[in-house]
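Next input, structure requested:
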Amino acid sequence: MHTGGEPLRIITSGYPTIPGDDILAKRRYAREHLDHLRKFLMFEPRGHYDMYGAVLIAPSLPDADLAVLFIHNEGYSTMCGHAILALGRYAVDYGMVTPVEPITNVNIECPCGLVRAEVEVTKGKTGAVRFKSVPCFMFAGDQVLTLANGKTFKTDIGYGGAFYAILDAEQFGLKVGVSPVRELVDIAQSVCETVNANINLSHPDHKDLAFLYGAILTDGKDAWSEEPTRNICVFADNQVDRSPTGSGVSARLAIQHAKGLIAPDMTRHFHSVIGSGFAGRVTGTTQCGSLPAIIAEISGQAYYSGEATFWHEEDDGIGRGFIVR
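The predicted structure is shown next:
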């Protein structure tokens, strides 16, 4: 499937059973013992540098209809909004939940927690999907840091199921959607290296959630407005999200709310580097440990793109997976 142009390879069978008392334990096990399968499915010749995947596993939470481990070019994410939008529709279409018109609820267990999706169903056909996030918050605001080249910049750190550095690209003389993507990626990489060197992340729920997933460069349009805003998300090992990034939009909403730049139930439209869009709004406030947090609602549309079966011949060393870029 794809959501806003961002691929999602849903792994429905062939993985061995992944042991663990909870989903974070299963994520650790997959990373330590099954990483060759991630490379097999994400890398060439079956995938590419920017491929994204979802491994369906048995849920451990009683309210979950399904559980998922997210995989990409570097490892295992804790949350993925574009994948949730796709998996919500997939779960209804493939009988993992019973369809109910006009809205079918799908509860998806992710490494960051339980995410509740709502799938539009009309005359048996699935359509747009929205989800309510785990608690999202601004971890640190207006942090002034300096790149290795001496350039000073200001960034916010937000959590939307994963941690992001979120900042205006124009600080570097760049424009999202106009400047070459390569230049945006290079800056995002430098930003991440600088944030990792200077800011210690923590999460109230679990230490496994406390890592910087990527950087989101924006057009700076965070002020109180219903005008669409554009961003590019560079995550994992310089992987570029073709969608606006559901967890990233959730983090942006948390920062906007913390700074008084968005009203409850005010809808903002977020566009990606290729122009695809998600809608986002703050549906309520909550706490994450001692931190003030929000519940973000993200809406979008996922589409089917194909179906495949992959195999590996024993003497095919190259076929285990490789990356050129």
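
Spell out which residues sit in contact with Ala210, please.
Residues in contact with Ala210 (C-beta atoms under 8 Å, 6 or more residues apart in numbering) are 163, 201-203. C-beta: built from backbone N, CA, C; applies to glycine.

mind running it again at 7 Å?
By C-beta atoms under 7 Å, 6 or more residues apart in numbering, the contact set of Ala210 is 201-203.

Which one (most neighbours) among those?
Highest neighbour count within the contacts of Ala210, by other C-beta atoms under 10 Å: His203, with 19 neighbours.

is it true that it lies in a strand?
No. Counting by DSSP: H, G, I helix; E, B strand; the rest coil, His203 is not found in a strand; it is coil.

And the closest residue to it other than its chain neighbours, how close does it get to Phe139?
Nearest residue to His203, sequence neighbours excluded (C-beta to C-beta, 6 or more residues apart in numbering): Leu209, at 4.0 Å. Noted for Leu209: a distance of 11 Å to Phe139, by C-beta to C-beta, to the nearest Å.

can you count the residues close to Ala296?
Around Ala296 there are 28 residues (other C-beta under 10 Å).

what is it paired to in the beta sheet?
With DSSP bridges as the criterion, Ala296 is bridged to Val282.

Quick check: it touching Pro135?
No. Checked against C-beta atoms under 7 Å, the pair Ala296 and Pro135 is beyond contact range at 9.3 Å.

picking that back up, now the phi/psi pair for the residue nearest to His203, please.
Leu209 adopts backbone torsions of phi -90, psi -10, taken as degrees, to the nearest 10.

So it is in contact with Ser202, correct?
No. Between Leu209 and Ser202 there is no contact under C-beta under 7 Å: 8.9 Å.

any idea how this structure splits into domains?
2-132, 135-300 (the TED database).

Pull the distance from the first one to the chain's centre.
Per C-alpha atoms, centre = their mean, to the nearest Å, the displacement of domain 2-132 from the mean C-alpha position of its chain is 11 Å.

Likewise for the last one?
Domain 135-300 sits 11 Å away from the centroid of its parent chain (C-alpha atoms, centre = their mean).

Now do it, average pLDDT.
For domain 135-300, mean pLDDT rounds to 97.

quick one: the spatially most central residue of the chain from Tyr304, how far?
For the chain, the residue nearest the mean C-alpha position is Cys80 (2.9 Å; C-alpha atoms, centre = their mean). Distance of Cys80 to Tyr304, given as C-beta to C-beta: 18 Å.

What would stretch 91-108 look like as PDB? C-alpha coordinates only.
Only the C-alpha atoms of stretch 91-108 are listed here, as PDB (Å, rounded to 0.1, in the frame of the first residue of the first chain):
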ATOM      1  CA  ALA A  91      -7.700  -4.500   8.600                       C
ATOM      2  CA  VAL A  92     -11.200  -3.900   7.500                       C
ATOM      3  CA  ASP A  93     -10.700  -5.100   3.900                       C
ATOM      4  CA  TYR A  94      -9.000  -8.300   5.000                       C
ATOM      5  CA  GLY A  95     -11.500  -9.300   7.700                       C
ATOM      6  CA  MET A  96      -9.300  -8.600  10.800                       C
ATOM      7  CA  VAL A  97     -12.200  -6.600  12.200                       C
ATOM      8  CA  THR A  98     -15.900  -6.700  11.400                       C
ATOM      9  CA  PRO A  99     -17.000  -3.800   9.100                       C
ATOM     10  CA  VAL A 100     -19.500  -1.300  10.600                       C
ATOM     11  CA  GLU A 101     -20.900   1.500   8.600                       C
ATOM     12  CA  PRO A 102     -20.300   4.400   8.500                       C
ATOM     13  CA  ILE A 103     -17.200   4.100  10.800                       C
ATOM     14  CA  THR A 104     -15.300   1.000  11.700                       C
ATOM     15  CA  ASN A 105     -13.000   1.200  14.700                       C
ATOM     16  CA  VAL A 106      -9.600  -0.500  14.500                       C
ATOM     17  CA  ASN A 107      -7.300  -0.600  17.500                       C
ATOM     18  CA  ILE A 108      -3.700  -1.100  16.600                       C
END
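
before we move on, the earlier item: for the residue nearest to the centre of the chain, give me its contacts.
Shown in contact with Cys80 (C-beta under 7 Å, 6+ apart): 70, 246-247.

For this structure, just list every one of the helices.
For the chain, the helices defined by DSSP state H cover 23-33, 35-42, 81-93, 181-198, 246-258.

okay, now Phe235: neighbour count?
Per other C-beta under 10 Å, the neighbour tally for Phe235 reads 26.

doesn't Gly214 make contact with it?
Yes. Contact criterion C-beta under 7 Å: Phe235 and Gly214 qualify, at 3.0 Å.

Give me the spatial nearest neighbour of Arg31, chain neighbours excluded.
Counting by C-beta to C-beta, 6+ apart, Arg31 lies nearest to Tyr76, which is 5.5 Å off, once chain neighbours are set aside.

Many thanks, I have nothing further to ask.
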